[in-house]
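Chemist: I would like the atomic coordinates for the input below:
(chains A, B, C, D, E and F)
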There are 6 protein chains.
Amino acid sequence: MRFDGREANELRDVQIETNYLKHPEGSVLIQVGDTKVICTASIEDRVPPFMRGSGKGWISAEYSMLPRATEQRNIRESSRGKVSGRTMEIQRLIGRTLRAVVDLELIGERTIWVDCDVIQADGGTRTASITGAFVALTIAVNKLYEEKDLSSFPVKDFLAATSVGVVPEHGTVLDLNYIEDSQAEVDMNVVMTGANEFVELQGTGEEATFSINDLHELLELAQLGMTSLFAIQSTALGEIVERIGK
Amino acid sequence: MRFDGREANELRDVQIETNYLKHPEGSVLIQVGDTKVICTASIEDRVPPFMRGSGKGWISAEYSMLPRATEQRNIRESSRGKVSGRTMEIQRLIGRTLRAVVDLELIGERTIWVDCDVIQADGGTRTASITGAFVALTIAVNKLYEEKDLSSFPVKDFLAATSVGVVPEHGTVLDLNYIEDSQAEVDMNVVMTGANEFVELQGTGEEATFSINDLHELLELAQLGMTSLFAIQSTALGEIVERIGK
Amino acid sequence: MRFDGREANELRDVQIETNYLKHPEGSVLIQVGDTKVICTASIEDRVPPFMRGSGKGWISAEYSMLPRATEQRNIRESSRGKVSGRTMEIQRLIGRTLRAVVDLELIGERTIWVDCDVIQADGGTRTASITGAFVALTIAVNKLYEEKDLSSFPVKDFLAATSVGVVPEHGTVLDLNYIEDSQAEVDMNVVMTGANEFVELQGTGEEATFSINDLHELLELAQLGMTSLFAIQSTALGEIVERIGK
Amino acid sequence: MRFDGREANELRDVQIETNYLKHPEGSVLIQVGDTKVICTASIEDRVPPFMRGSGKGWISAEYSMLPRATEQRNIRESSRGKVSGRTMEIQRLIGRTLRAVVDLELIGERTIWVDCDVIQADGGTRTASITGAFVALTIAVNKLYEEKDLSSFPVKDFLAATSVGVVPEHGTVLDLNYIEDSQAEVDMNVVMTGANEFVELQGTGEEATFSINDLHELLELAQLGMTSLFAIQSTALGEIVERIGK
Amino acid sequence: MRFDGREANELRDVQIETNYLKHPEGSVLIQVGDTKVICTASIEDRVPPFMRGSGKGWISAEYSMLPRATEQRNIRESSRGKVSGRTMEIQRLIGRTLRAVVDLELIGERTIWVDCDVIQADGGTRTASITGAFVALTIAVNKLYEEKDLSSFPVKDFLAATSVGVVPEHGTVLDLNYIEDSQAEVDMNVVMTGANEFVELQGTGEEATFSINDLHELLELAQLGMTSLFAIQSTALGEIVERIGK
Amino acid sequence: MRFDGREANELRDVQIETNYLKHPEGSVLIQVGDTKVICTASIEDRVPPFMRGSGKGWISAEYSMLPRATEQRNIRESSRGKVSGRTMEIQRLIGRTLRAVVDLELIGERTIWVDCDVIQADGGTRTASITGAFVALTIAVNKLYEEKDLSSFPVKDFLAATSVGVVPEHGTVLDLNYIEDSQAEVDMNVVMTGANEFVELQGTGEEATFSINDLHELLELAQLGMTSLFAIQSTALGEIVERIGK
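Modeler: Residues are numbered from 1 along each chain as shown, chains lettered A, B, ... in the order given. Now for the predicted structure:
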């Protein structure tokens, strides 16, 4: 039994509230246990300079935390005048993985801005961001699909993310919360598609290492979590689900 | 009748949900019509350099908007690498007005960080921030009061803020929403205490001017709004209200 | 009697030297007691991006202090790499209030850059900047009026600024110098037009409050100061005065 | 056969020249095909603020490219005024993986600065940096070990890195050069220890995905490359090798 | 005859008004033709980190231009967020040359901040800054000498600067104004002491070169200008002159 | 005899390895004693904004040091977020002097970027950079000359740089290394053309001065060094030498 009473292979309670905000084309509030993230998707009718004239669209993600999302207050990155390395890594990850399940040619020369703002953090903020951002993005893409009468639905498959890790005394566990994450010897973020393919795999041992057998065990747990996450995303998306991959 | 059906002297619907977040010493979600702001108050056991050794505390405020709090997505200030003039003006205003109703000597050498993060904007974000921040601050101060067994309660009086303005075809109105704000000839932010004293008065005519009579009319409307706001704050604070000014 | 021997309702000695510099279209050195500010107005034949194609002009103001304008040397904002919140507030105020008395359509798609550089500070630098900048701007606009043969004179009315405040032991006073400003319980900046209308009213109690009666007293003093300031501006402008509002 | 004539499971030619520079405690020039990186290790007698008083040391890495290391000239990050997200990700990776094989308590309160400066780039700069930095670090640690007479040798095991990927028409290949890297559907960086344990695994499909079977194939290739890299590091380190893990 | 009617070996009219500002320990307004610079010297009771504990003082110079000191308005360096290369070169030059004639040990662990703010520019702003800054510095040092009862006077000799150059159709000329400077093939700044020794010599041909004979001619002209400048500085300093070099 | 056994009029050993890197149009590794600099020249088919439409080209130089090029590790300028004054001075000097020997009209509207990256420093890094950059630039220009079939060869003359100085106990010496440089009373950088004309002369006494006689002695030594440097550049350039000045 883990700190919060979960089994090793058990996700935290996940809730996704769609159309959480009034202005964005797509928005959700995702809660994974005590981790809460507002994810929005905004459509802009132009692409970054390096994409101009390509006829393709782009997905760009930004990630931030409220100063008091955490136990200790963090200094705002706008006050520091620069974005931290950690933030950059996370927002590059979110953008990259979302792009893997979207047909950018169907989008046309548009940018979809995905913003993930963590309002409360208890571990797993980057994976919750991806899982929530997929839903916000799909809602925004659906608007585009309907308004612009696109030939096919640009979202090709589901996408979700979770973490797995090795925690002392608890071994291999699924969906680490903050306490587990801070004690973990191995921490792995897994991003997968509805077809059970990997989009991203990031396994790290900060002051430890892991064997090929550890890897297998971790990936099995991750697979288990994915199945639940896809089901929750489906419920949140409602009828739009029918269009994914079509 | 105004765009949203209100009378000239009518506030929008105001709701304050206390203890909205898990980590901060004080937190609220304040909604003023479609404007939604998360206000938190965090207590840090030291003061900025210019206050060290003074025996007094400090209140420092920061204000930000999510990129898609607005109709058009805004670029994050962390990405720009600097905080805009507008943001600086607002956070200086929030800090300054809160300090007017708190006995900083009773706080001791501590900083109370007040963070106001607008998650949805529809006009009046700075006044909603002040009204909500007062509640978050009072909850945090109450924790300090109880834990440190302070001799008196450091919050001396209520504090709330609202806007009044002159809008073409509608004349003098209370609590402007975004559409009204963007059309207003005169825009005035008023911050007052429970004793009906002014803490801050900022009246501006961007491409217009106002007379002393306009001023009187505007201030009467503001006074009306304040009475309602203090009542809503009281309800949100519950029993803590008894300690204010004692 | 105040520290410097003035009555409560007495301005400091004000002098405005026009055409102080060789290159700018308009320039003055304004002295308000020991506060000295160089104000220049420069005309540029284009507008900022958000105004392009509007057919209207823009007025943009910048404010700065020499490092040793003050008792203690200040670090340059260029060395710090960023402009302080205080500076931003002041330059936004200067630009906003000047725009209220200028017909921007008559200016055409041009920017008038107003630069206020404080070379010596003894309180009231922002109000001296506005009073001086109005004269520099009017001189520059007059050149434009003559050279471009504009249909009407774009400056519609006079504009001046002063401060009033409540100082312990001295009560309500006009035109605070540095010592008074640093002791003031209430500090109010008032910007008015020649028609006795308000353009901006900013009253602040840092750790104090003020009543509606205090407000009335303060505004009466301000009105008194304005009358003198408009007369001094008229003398400085000479014949150009005839064109204002025509 | 690949573009440069290699087999799918063949590393590029790897050379490590030790003591390449005069001033640093440890330095190498590593060449992996046409990729050339200068790696240095510098010992500083203090740790970053968050480590002070812990009795432990720290390893901090920085990564940069000369502007013309690449086909097209890159703007210097010092001219841009900020470090890119890609650079931050890489330097965090280098530091994190090196820390996994060093006993930071044995180092004492010292920082080892690892600098990886790419002077010529042809793919795999981050993995070449790790492989070379390990050697530079071990040389520097050896000096510390001898001069300070440490109780044990702080480097616990070998550490090397390589890339594997899936390239169209060539399938699964080891040690991608620039052309292969830019065409790859799947790109995976693998960092391993001499004991064949993983320290870091980063697999990415930019606009593609990969299955569990692909993963197995990729990891087998990586394992093959590691064996060669450890041998080349051993030769470069000479007698110091005997001390590793002792 | 030159554009402004001067002979080749003639300085522009030079005026130095001492004690120009109220707050600084030393200040002057220097005018060299139409070039006008406010120079101040401020004494701070500590030195930069690299000098602490040395028992010696330091002189640090900063240089800036008002935006409209020039024909075309310049963007403020504080708005750009960084200081230009030209500004850095000039302020390093001013500081370095002043340090050559001051006994830093006599100053004790103090920093003298020298600020040169160009309010009107017509060529030769850096040399006017040095000539004026010497006077402001000497006045400030004199205050220190008297107040702290120093054993000797820390200023060892006079210091002045001027420019010489080769201008098409006019040949070798002394003290170039803006028009001459912009046409010059060779431009040389010379900083000398009262003992006719060089402190700094900076000769540049932007798209031209100069021979050893040109150099001799230029230096003779410079020497001539120096004699006048030292006399003007002496007059400005009055009785303090007696203490220099004693 | 000097610290390293040289005579007063003796250069250090100078080696220039051409085509050191694979990607740039021109590149060298220059070694002057223990000072080692990688110089590259890159051709870009456009000019900076201020040159557009002029029909002329531009040469822009950047200079940097690896963090551990020096005895003590330096913080990267990209980490500091800004380029130091020293770096700016050096890169302006390199660009300015190279432009003096290149016919920018023959280049056409192109920018030649010259990058000088010091990988090991032992004094004289700026002069080594100029001497090496000239060779890299000439190689790049030669490619342009051949590929674009230019009417004449744009490099008009040789360009090299060295330092001379006055060192206590050693007097006037040529080509100062780090120890000499740090002790020098007078330090002078001289940049000359193959026709024995000066392009730049920068003589500085940090806390000392120099007479006209010292100047003569220093310049004679510099002339001596130049003759050797031009010969070494000729050897490095091989047949291209024939085209210079033709």
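
Chemist: what bridges to residue A:58?
Modeler: Beta-bridge partners of residue A:58, counted by DSSP bridges, are residue A:111.

Chemist: distance of it relative to residue B:81?
Modeler: Distance of residue A:58 to residue B:81, computed by C-beta to C-beta, to the nearest Å: 22 Å. From N, CA and C alone the C-beta is placed, and that goes for glycine too.

Chemist: got it, and residue A:29?
Modeler: Residue A:29 is 29 Å from residue B:81, where distance means C-beta to C-beta.

Chemist: which SSE is immediately downstream of the helix or strand of chain A with the lowest mean pLDDT?
Modeler: Least confident helix or strand of chain A, by mean pLDDT, DSSP states H and E, is helix A:77-80 with a mean of 87. Using DSSP states H and E, the helix or strand that follows helix A:77-80 towards the C-terminus is helix A:85-99.

Chemist: and the longest helix seen in chain A, is it in reach of chain D?
Modeler: The longest helix of chain A (DSSP state H) is helix A:212-237. Yes: Helix A:212-237 lies within reach of chain D by C-beta under 8 Å from any C-beta of the partner chain, at A:212, A:215, A:219.

Chemist: look up phi and psi at the spatially most central residue of chain A.
Modeler: The centroid of chain A falls nearest to residue A:130 when counting by C-alpha atoms, centre = their mean (0.8 Å). The phi and psi values for residue A:130, taken as degrees, to the nearest 10, are phi -60, psi -50.

Chemist: give the contact list for it.
Modeler: Residues in contact with residue A:130 (C-beta atoms under 8 Å, 6 or more residues apart in numbering or on different chains) are A:93, A:94, A:97, A:98, A:159, A:160, A:161, A:191.

Chemist: swap in 7 Å and give it another go.
Modeler: Counting by C-beta atoms under 7 Å, 6 or more residues apart in numbering or on different chains, residue A:130 makes contact with A:94, A:97, A:159, A:160, A:161, A:191.

Chemist: spell out the secondary structure type for the fourth one.
Modeler: Translated: residue A:160. strand (DSSP: H, G, I helix; E, B strand; the rest coil).

Chemist: nearest spatial neighbour of it, skipping sequence neighbours?
Modeler: Using C-beta to C-beta, 6 or more residues apart in numbering or on different chains and skipping residues adjacent in sequence, the residue nearest residue A:160 is residue A:229, 3.8 Å away.

Chemist: give me the neighbour count for that neighbour.
Modeler: Residue A:229: 25 surrounding residues under other C-beta atoms under 10 Å in any protein chain shown.

Chemist: what do you get for the one 4 residues further on?
Modeler: If you count neighbours by other C-beta under 10 Å, residue A:233 ends up with 24.

Chemist: now residue A:213
Modeler: When neighbours are defined as other C-beta under 10 Å, residue A:213 has 8 of them.

Chemist: need the residues of chain A near chain D, please.
Modeler: Contact residues, chain A versus chain D (C-beta under 7 Å from any C-beta of the partner chain): A:82, A:85, A:88-89, A:92, A:96, A:99-100, A:193, A:197-212, A:215, A:219.

Chemist: just the buried residues of these.
Modeler: A:82, A:85, A:88-89, A:92, A:96, A:99-100, A:193, A:197-205, A:209-210, A:215, A:219 (16 or more other C-beta atoms under 10 Å in any protein chain shown).

Chemist: filter those down to the ones close to chain E.
Modeler: Among these, not one lies near chain E by C-beta under 7 Å from any C-beta.

Chemist: ok, residue A:27 touching residue A:21?
Modeler: Yes: between residue A:27 and residue A:21 a contact is recorded at 4.3 Å, counting by C-beta atoms under 7 Å.

Chemist: quick one: the strands in chain A?
Modeler: Secondary structure of chain A by DSSP state E: the strands cover A:14-18, A:26-32, A:35-44, A:58-65, A:111-120, A:159-167, A:171-174, A:186-193, A:198-204.

Chemist: redo these as CSV? Include distance to residue D:177 and mean pLDDT.
Modeler: Listed next are the strands of chain A as CSV, based on distance: least, C-beta to C-beta, whole Å; pLDDT from 0 to 100:
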stretch, distance to residue D:177, mean pLDDT
strand A:14-18, 42, 98
strand A:26-32, 40, 98
strand A:35-44, 36, 98
strand A:58-65, 27, 97
strand A:111-120, 31, 98
strand A:159-167, 30, 97
strand A:171-174, 36, 96
strand A:186-193, 27, 97
strand A:198-204, 23, 97
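
Chemist: ok, residue A:92 to residue A:39 distance?
Modeler: Taken as C-beta to C-beta, the span from residue A:92 to residue A:39 is 16 Å.

Chemist: one step back: residues in contact with the nearest residue to the residue nearest to the centre of chain A once chain neighbours are set aside?
Modeler: Excluding the flanking residues, the one nearest residue A:130 by C-beta to C-beta, 6+ apart is residue A:161, at 3.9 Å. For residue A:161, the contact set (C-beta under 7 Å, 6+ apart) comprises A:127, A:130, A:131, A:189, A:190, A:191.

Chemist: contacting residues for the residue of chain A most remote from its centre?
Modeler: Here chain A reaches farthest from its C-alpha mean at residue A:53, the gap being 29.3 Å by C-alpha atoms, centre = their mean. Counting by C-beta under 7 Å, 6+ apart, residue A:53 touches no other residue.

Chemist: backbone dihedrals for it, both of them.
Modeler: Main-chain torsions, residue A:53, degrees, to the nearest 10: phi 80, psi 0.

Chemist: do you know the pLDDT at it?
Modeler: As predicted, residue A:53 sits at a pLDDT of 91.

Chemist: okay, and the common contacts of residue A:27 and residue A:21?
Modeler: What both residue A:27 and residue A:21 touch, as defined by C-beta under 7 Å, 6+ apart, is the set residue A:40.

Chemist: okay, those two: which has more neighbours?
Modeler: More neighbours surround residue A:27 than the other of residue A:27 and residue A:21, with 27 against 20 (other C-beta under 10 Å).

Chemist: tell me the bridge partners for that one.
Modeler: residue A:40.

Chemist: now the closest residue to chain F within chain A: how far from residue A:89?
Modeler: Ranking the residues of chain A by distance to chain F (C-beta to the nearest C-beta) places residue A:82 first, at 7.3 Å. As judged by C-beta to C-beta, residue A:82 and residue A:89 stand 14 Å apart.
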